[in-house]
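Trainee: Task: produce atomic coordinates for the following.
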Amino acid sequence: MENEMIEIENFSDQCDEFNDFHSQDDISDDDWQGILDDNNDTSNTKLSDNTQESGNSTKQQLSDKIAMARMGLNDSKAGMNGLDKQKINRIILEATKGSRFYNNEMRKEKQATERVTRLKAKLTKITQAQRLAALDELKRMENQLETTRDLSRFIVHVDMDAFYAAIEIRDNPSLADKPMAVGGTGMMLTSNYIARRYGVRAAMPGFIGKRLCPDLVFVKPNSAKYAQASKEVRAILAEYDPNFASVSLDEAYMDLTEYLEGRKCTFPSSHVEFTVPQQDLTEDMLKILNEGNHLLPLDNKENDQVAPPTVDGVDSYNNCSSNSSIRKVSFGHTIEDVMREIRFKINRKTKLTASAGIGPNKMLAKICSDWKKPNGQFKVEFTRDKIIEFMRQLPTRKISGIGKVSERLLNEIEISNCKELYDKRDLIYLLFSNVSTKFFLAVAMGIGSNEVSRTFGEISRLADMLVKCQKLCDNLANHMKKENITGRCLTVKLKTVAFEVKQRSVSLKHHTNSTTEMFNIASEVIRSERLACQPERLRLRLMGIKMSTLKRHESDEKSIQDTLTRYFNKYDENCSQSQSTINESSKSCINIEQHKLDEKSKPDKVTCYFSKYDENSSQLQSTMKEASKNCDNMEKVTCPVCDQFYVYKSDETSWLALLNSHIDTCLQQPETMKPSQSHNDSVGSSKGKGVKRRKLQHNRMQPTTGNKTLHNFWQAKDNTHQ
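Mentor: Numbering: from 1, shown residues only. Predicted structure coming up:
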């Protein structure tokens, strides 16, 4: 896999999240009847004034045209080529008028129109001199991107064909010849290829699908079946790339570069061979084998009743009868042969088909996996010129990351494919942001990436939201811990039943992969959004938790250098007396880090100052009173050397650096340095105890030569507490 740190996401696309589908639909019977009534009322309305009728008709036609442009069918999905888009779009429009979905799309269309207006205004002001200057800058940008092109890696995108629908058809063959979809009238997860011929596709509201195809059969999602099938597929993928990246239950990326090299050494012959009983060969298997002449002649010898060991290790076939027909299957060492072998194993194990795309990067691999669906594979030629030629024929909508709005903005400057995207790159540079320009240029050159999320049934009760939030945080934390990764910026994504998306980010003051910390922050975001919606209820259809600003840690914690923060965590656990003292003196300031639910979510800057006091000095009370007035940014910590404590707050200086400097100074003082007074006179003087503690510490540090260091001090301090 590409050795890069990526943002870890856990939008509700995990297998156990399918349990959250509800039978309640996004559009209720009343809403549905309301849509029908509205249409009937409109059709029965007669205007006496012909001029007014004509004007309203023209206005309505314009509105319908805008709506169809916004909500029209995206036929880039496999199995949807050659459809009558005009007819399908008209049905979609009729089915959605008056619904929340329609109203939300119109709201977003208004926003898109405003962006188009601004873009047109900028376009009229562009001069020829500006375009020439832009080309010079783009040449530099293009050269920089070209240095990142790597044609040495074999990246594969494996995508199961209509995964959820295929599982349901496998388990209920009566669905094989029927248009069917997994989901409900609220939202569909996927549809089979028969339903796609009617324009029914994934991520489409089910009530629209029903209008497009009245015979459409809905099947309720079954998380257990999908998770099991996904597990079986992943086990096969792991044989070839243990570090494969799973995008969702039904698709994954693999880097087979190292595997291909090792395969040539492990199997020095020209091919890899194993056996399959004749009766186990399915039509889908034969299609895969016939792609590359991998099926060898029939072998019916008596001594073949016990088949030789199989390479894939899935079945031994030791129970084959003496009259079984054993077929030998052979796969070569090329990337195409290996992918047919993987697809063959997947179908043999799960009775499901997979398609695959092969390219030098993830974007190309994903595009290629859609090229020969279903049950096919495609490899783009690994040369710069062939890749650019391949990309330039693609519609821009085929690229992950270019959606409805981006497509419309590009259409305004007559860009509909990747060739035009490159040819008009100067206009892109002058009209779009620098980030967008780099993305579009990289796409035209053959470099890109993608992202996925999933919706659920409506939830409006706080308890239900928190349960789902807890599950997402658990999944995300487990994923991060497995990868030994921590993050510092947590993002909560909420989509309402009105299709409005709210995204809030909170910057933490330290990296973490703790479920508790994530949940505490995310739950506060949810509570804040519920309050902001009052007096209306917050009604959700999607929730997502994302952690970014990531940092990878060594797997062996013993090799990680001790830090002040880690020491204080340990020190607080071992020193109950110090902990109780701190708790008693600053109860009102325990939870000082209130996460700002600011929509822009600017990163926190932890800054501090220090003030030094004796624990029982007269200045303490006034200081703590002052701290209590502003406990949102006040905290205190005790120096483990001199037992004096510091009150700190947020400003421009790192409190940890100041404390570190202070401890270094303390460690360089003579051993006779006078300790602070007792925290509690009834317990006895801390002076004697401090001297004894320092003597013990001094004796244990004797073997160490040279200057005193923080590391040696922590070691001695830990030994003292032990």
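Trainee: Give me the below-cutoff pLDDT ranges for this structure.
Mentor: 1-82, 265-274, 293-326, 448-457, 499, 554-638, 640-641, 643-661, 664-722 (pLDDT under 70).
Trainee: care to break it down by domain?
Mentor: Residue ranges for the domains of the chain, per automatic domain parsing: 8-13+456-558, 23-44+55-112+179-214, 126-149+383-445, 155-178+215-379, 568-721.
Trainee: Just the CA coordinates for the host helix or strand of Val329, please, in PDB.
Mentor: Val329 is located in strand 326-331, with elements delineated by DSSP states H and E. Output in PDB follows, covering the C-alpha atoms of strand 326-331 (Å, rounded to 0.1, in the frame of the first residue of the first chain):
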ATOM      1  CA  ILE A 326     -11.000 -33.300 -11.600                       C
ATOM      2  CA  ARG A 327     -10.100 -30.100 -13.500                       C
ATOM      3  CA  LYS A 328      -6.700 -28.500 -13.200                       C
ATOM      4  CA  VAL A 329      -6.700 -24.700 -13.100                       C
ATOM      5  CA  SER A 330      -3.600 -22.800 -13.900                       C
ATOM      6  CA  PHE A 331      -2.700 -19.100 -13.300                       C
END
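Trainee: in stretch 332-343, what counts as buried?
Mentor: Gly332, His333, Ile335, Glu336, Asp337, Val338, Met339, Arg340, Glu341, Ile342, Arg343 (16 or more other CB atoms under 10 Å). Quick note: C-beta positions are derived from backbone N, CA and C, even for glycine.
Trainee: Over to the fifth one: give its phi and psi.
Mentor: Listed backbone geometry of Asp337 is phi -60, psi -40, with angles given as degrees, to the nearest 10.
Trainee: That one against Leu289, yeah?
Mentor: No: if you go by CB atoms under 8 Å, Asp337 and Leu289 don't touch, sitting 11.1 Å apart.
Trainee: Contacts only, for Val219.
Mentor: Ala165, Glu168, Leu175, Met180, Ala181, Val182 (CB atoms under 8 Å, 6 or more residues apart in numbering).
Trainee: most neighbours, which of the residues you listed?
Mentor: Of all the contacts of Val219, the highest neighbour tally under other CB atoms under 10 Å goes to Ala181, namely 30 neighbours.
Trainee: pretty sure it is touching Ile194, no?
Mentor: No: if you go by CB under 8 Å, Ala181 and Ile194 don't touch, sitting 10.2 Å apart.
Trainee: Can you name the residues that contact Met480?
Mentor: Ile8, Thr486, Gly487, Asn513, Met547.
Trainee: Next, give me the two most distant ones among those residues.
Mentor: Spanning the widest gap among the contacts of Met480 are Ile8 and Thr486, at 10.3 Å by CB to CB.
Trainee: Could you tell me which residues touch both of the two?
Mentor: Met480, Leu550.
Trainee: Give me the helices and strands touching the helix or strand hosting Gln144, please.
Mentor: Assessed by DSSP H and E, Gln144 sits inside helix 128-146. Judged by 3 or more CB pairs under 8 Å, 6 or more residues apart in numbering; DSSP states H and E, helix 128-146 is in contact with helix 425-431, helix 434-445.
Trainee: got the residue ranges for the helices in the stretch 301-450 of the chain?
Mentor: Remark: helices assigned in the stretch 301-450 of the chain by DSSP state H, counting those that start in this stretch are 335-350, 362-369, 384-392, 404-412, 418-423, 425-431, 434-445.
Trainee: what's the angle between the strand holding Val329 and helix 335-350?
Mentor: 140 degrees (axes from the mean of the first three to the mean of the last three CA atoms, to 10 degrees).
Trainee: Packing partners of strand 326-331?
Mentor: strand 272-277, strand 295-299, helix 335-350.
Trainee: Among those, which comes closest to Glu137?
Mentor: In terms of CB to CB, the element of the helices and strands packed on strand 326-331 nearest to Glu137 is helix 335-350, at 37.4 Å.
Trainee: can you list contacts of the closest one?
Mentor: So helix 335-350 is contacted by 154, 156, 158, 160, 170, 229, 232-233, 236-237, 240, 256, 259-260, 263, 271-272, 276, 280, 282, 284-285, 288-289, 291-292, 294, 312, 314, 329, 331, 352-356, 358, 375, 377, 379 (CB under 8 Å, 6+ apart).
Trainee: Can I have the buried ones of those as a PyMOL selection?
Mentor: PyMOL command restricting these to the buried ones, with burial defined by 16+ other CB under 10 Å:
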select buried, resi 154+156+158+160+229+233+236+237+240+256+259+263+272+276+284+285+288+289+291+292+294+312+329+331+352+353+354+355+356+358+375+377+379
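Trainee: Show me the contacts of helix 335-350 that map onto strands.
Mentor: 156, 158, 160, 272, 276, 329, 331, 354-356, 358, 377, 379 (DSSP state E).
Trainee: wait, which of those residues is closest to Ala463?
Mentor: Of those, the one sitting nearest to Ala463 (CB to CB) turns out to be Met160, at 34.8 Å.
Trainee: residues in contact with the closest residue to Arg537 other than its chain neighbours?
Mentor: Leaving out its chain neighbours, the residue that sits closest to Arg537 by CB to CB, 6 or more residues apart in numbering is Ser460, at 5.0 Å. With CB under 8 Å, 6+ apart as the criterion, the residues that contact Ser460 are Arg537, Leu538, Arg539, Leu540.
Trainee: Ser460 and Ile413: what is the separation?
Mentor: Using CB to CB, to the nearest Å, Ser460 is found at 43 Å from Ile413.
Trainee: hmm, back to that, name the stretch among the helices and strands packed on helix 128-146 that sits most buried.
Mentor: Stretch with highest mean neighbour count among these: helix 425-431 (a mean of 21; mean count of other CB atoms under 10 Å).
Trainee: same for that one, what does it pack against?
Mentor: For helix 425-431, the packing partners by 3+ CB pairs under 8 Å, 6+ apart are helix 100-124, helix 128-146, helix 434-445.
Trainee: ranking those by burial, who's on top?
Mentor: Highest mean neighbour count of the helices and strands packed on helix 425-431: helix 434-445, a mean of 19 (counted as mean count of other CB under 10 Å).
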